[in-house]
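Engineer: sequence and predicted structure below; questions after.
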Amino acid sequence: MPLFVLEPPVQYVRHFNGPVIERVLPLAEARKACAGKGVRADACAWTYNGACHLVIPRNGPVRNRAAYRRHEVAHCNGWDHSHSIAGRQEIEPH
């Protein structure tokens, strides 16, 4: 069964205007780090002091880390996570 990553609206898919600090962690650690930010997800992002901070799982259910990265950087670019106008990108399972 294919997995899906929600594709952000195009206006949020761009480079972040500032530093991007990315942590790639084992899935359990990524979930724990995101839970510490109040997010129940495999990956998460937030901005702090002008930097975009990403937590992405190393061994998550989606193999394509770029899909996680694009989704999370969109949050740093102001996407409010409503996903109401987002599409889906099909990703091959492990």
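Structural biologist: Here it is on my side, so go on. Numbers count the residues shown, from 1 in each chain.

Engineer: how much space separates residue 22 from residue 45?
Structural biologist: To residue 45, residue 22 is 9 Å away according to CB to CB, to the nearest Å. For every residue, glycine as well, the C-beta is placed using N, CA and C.

Engineer: likewise residue 19?
Structural biologist: 13 Å.

Engineer: okay, residue 25: pLDDT?
Structural biologist: Here the pLDDT value assigned to residue 25 is 97.

Engineer: hmm, it is touching residue 36, no?
Structural biologist: No: look at residue 25 against residue 36 with CB atoms under 8 Å: they stay out of range, at 11.9 Å.

Engineer: which one's more surrounded, the two?
Structural biologist: When neighbours are counted by other CB atoms under 10 Å, residue 25 comes out ahead of the other of residue 25 and residue 36, with 18 against 10.

Engineer: show me what contacts the more buried one?
Structural biologist: Listed by CB atoms under 8 Å, 6 or more residues apart in numbering, the contact set of residue 25 reads 33, 55, 56, 57, 58.
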